[in-house]
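Participant: pasted the sequence and its predicted model underneath.
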Amino acid sequence: MSRIAYVNGIYVPLRDACVHVEDRGFQFADGVYEVCEVFGGRLVDQTRHLARLKRSLSELGIGMPVGEGALKVILRETVRRNRVRDGLVYLQVTRGAAKRDFVFPAPDTPPTLVVTARSVDRSKAEAGAANGISVISLPDNRWERVDIKSTGLLPNALARQRAKERGAKEAWFVDRDGYVTEGAASNAWIITRENTLLTRPAESGILRGVTRTTLLDLARRDNLLVSERPFTLAEAKAAKEAFVTAATALIMPVVRIDDTVIGDGKPGALTARLRARFHEVAERSL
Ligand code: PDD
């Protein structure tokens, strides 16, 4: 079955889907995106993803391409047409196509909207989570506005590639003061020897991950000890457990940071429990 993409009002086979060569997303990475998990045919945490999308767009002065109700229909329809039960839906909005000029185009330039969806093999993902992942640390060399979910992801792509070359699955960025900010495409967490969950506050240096926010709901509901405070790379290496969160990874155990094995080198018990229960608290919409 060929995959289907939504592009500016029409559903087309993925191989025929295209945007203008002068689209500002292509020319300047002048756009934002969201990735939402699909679980059992339902969108996970759609409300939070759409709220963050609106915030990203408003921070950059890009208009919503269609109303929120229409966008929900497009997301659902793209998932349906691609027959995704478990997987991901990707949506991107750019400032639209216009003659290449750094200055914004005329305000009536329509934003570009692209939506795609793909299936993910859940049993493979669970098998991966049973082993956990290795991460490497790298200096954070990104711009200050990482709170905006911008498509400008070159430092993130370079970091992931570096991780791959070193046999790891994720790279953790470290700020100038030695504190971990976040992963190249995930938020970073540790669990201390006193069983406190630590993750950096979303006020600076990170994207406010939707998975992160929902996990905070779960942790608070279960009366776990949680502290939103920055932690150093050294603290992470001495932690009892570590993990990352993202719509693409859910709660993924980290078993090695650089050359340091975390705990006994296997996914931590609390991390595994949180992963198993994540969908109990996440919103699921048809
Ligand atoms: N990335 N931080 C960064 C830099 C990210 O790129 C992501 C997600 C997250 C986690 O956010 P969320 O929990 O809302 O997925 C944190 C997506 C999945 C991606 O780029 O594919």
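Facilitator: Structure received. Source: prediction; values computed, not measured.
Participant: please count neighbours and contacts with C-alpha atoms only from this point.
Facilitator: OK.
Participant: domain assignment for this protein?
Facilitator: 4-120, 125-285 (automatic domain parsing).
Participant: how about the longest one against the ligand, any contact?
Facilitator: Yes: for domain 125-285, a contact with the ligand is found by Cα under 6 Å from any ligand atom, at 183-187, 207, 209-212, 245-248.
Participant: put together TSV for those, with distance to N141 on each row.
Facilitator: Listed next are those as TSV, based on distance: Cα to Cα, whole Å:
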residue	distance to N141
G183	12
A184	11
A185	14
S186	16
N187	16
L207	15
G209	19
V210	23
T211	24
R212	22
T245	21
A246	21
A247	23
T248	23
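Participant: among those residues, which are located in strands?
Facilitator: Mapping these onto strands (DSSP state E) picks out 183, 187, 245-246.
Participant: between those residues, which sits nearest the ligand?
Facilitator: Of all those, the ligand sits closest to A246, with 3.5 Å by Cα to the nearest ligand atom.
Participant: can you tell me the closest non-neighbouring residue to that closest one?
Facilitator: Using Cα to Cα, 6 or more residues apart in numbering and skipping the chain neighbours, the partner closest in space to A246 is S186 (4.9 Å).
Participant: E182 now?
Facilitator: A188 (5.0 Å).
Participant: give the bridge partners for the one you found, please.
Facilitator: Counting by DSSP bridges, A188 is bridged to V244.
Participant: hmm, it is touching A249, no?
Facilitator: No: the criterion here is Cα atoms under 8 Å, and A188 misses it with A249 at 11.9 Å.
Participant: which of those two has more residues huddled nearby?
Facilitator: Neighbour count, other Cα atoms under 10 Å: between A188 and A249, A188 has more, with 27 against 18.
Participant: burial of the residue of the stretch 1-150 of the chain found nearest the ligand, as a residue count?
Facilitator: As assessed by Cα to the nearest ligand atom, the ligand sits closest to V35 within the stretch 1-150 of the chain, at 5.3 Å. Counted by other Cα under 10 Å, the residues lying close to V35 total 20.
Participant: same question for T199.
Facilitator: For T199, the count of nearby residues is 23 (other Cα under 10 Å).
Participant: same thing with E165?
Facilitator: Residues lying near E165 (other Cα under 10 Å) number 10.
Participant: same check, this time on V146
Facilitator: Using other Cα under 10 Å, the number of residues around V146 comes to 15.
Participant: give the contact list for the residue nearest to E182.
Facilitator: Counting by Cα atoms under 8 Å, 6 or more residues apart in numbering, A188 touches 172, 180-182, 199-200, 242-245.
Participant: spit out the contact partners of the residue positioned nearest the centre of the chain.
Facilitator: With distances taken as Cα atoms, centre = their mean, the residue of the chain nearest its centroid is A246 (4.6 Å). Residues in contact with A246 (Cα under 8 Å, 6+ apart) are 185-187, 209-212.
Participant: doesn't R100 make contact with Q27?
Facilitator: Yes: using Cα under 8 Å, Q27 makes contact with R100 at a distance of 7.4 Å.
Participant: that older thread, quick one: buried ones out of the contacts of A188?
Facilitator: For the contacts of A188, a neighbour count by 16 or more other Cα atoms under 10 Å gives the buried set as 172, 180-182, 199-200, 242-245.
Participant: now render those residues as JSON lines, adding distance to R3 and pLDDT.
Facilitator: Below are these laid out as JSON lines (distance: Cα to Cα, whole Å; pLDDT from 0 to 100):
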{"residue": "W172", "distance to R3": "33", "pLDDT": "99"}
{"residue": "V180", "distance to R3": "38", "pLDDT": "98"}
{"residue": "T181", "distance to R3": "36", "pLDDT": "98"}
{"residue": "E182", "distance to R3": "32", "pLDDT": "98"}
{"residue": "T199", "distance to R3": "37", "pLDDT": "98"}
{"residue": "R200", "distance to R3": "38", "pLDDT": "98"}
{"residue": "A242", "distance to R3": "36", "pLDDT": "98"}
{"residue": "F243", "distance to R3": "32", "pLDDT": "98"}
{"residue": "V244", "distance to R3": "29", "pLDDT": "98"}
{"residue": "T245", "distance to R3": "27", "pLDDT": "98"}
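Participant: no more questions from me, cheers.
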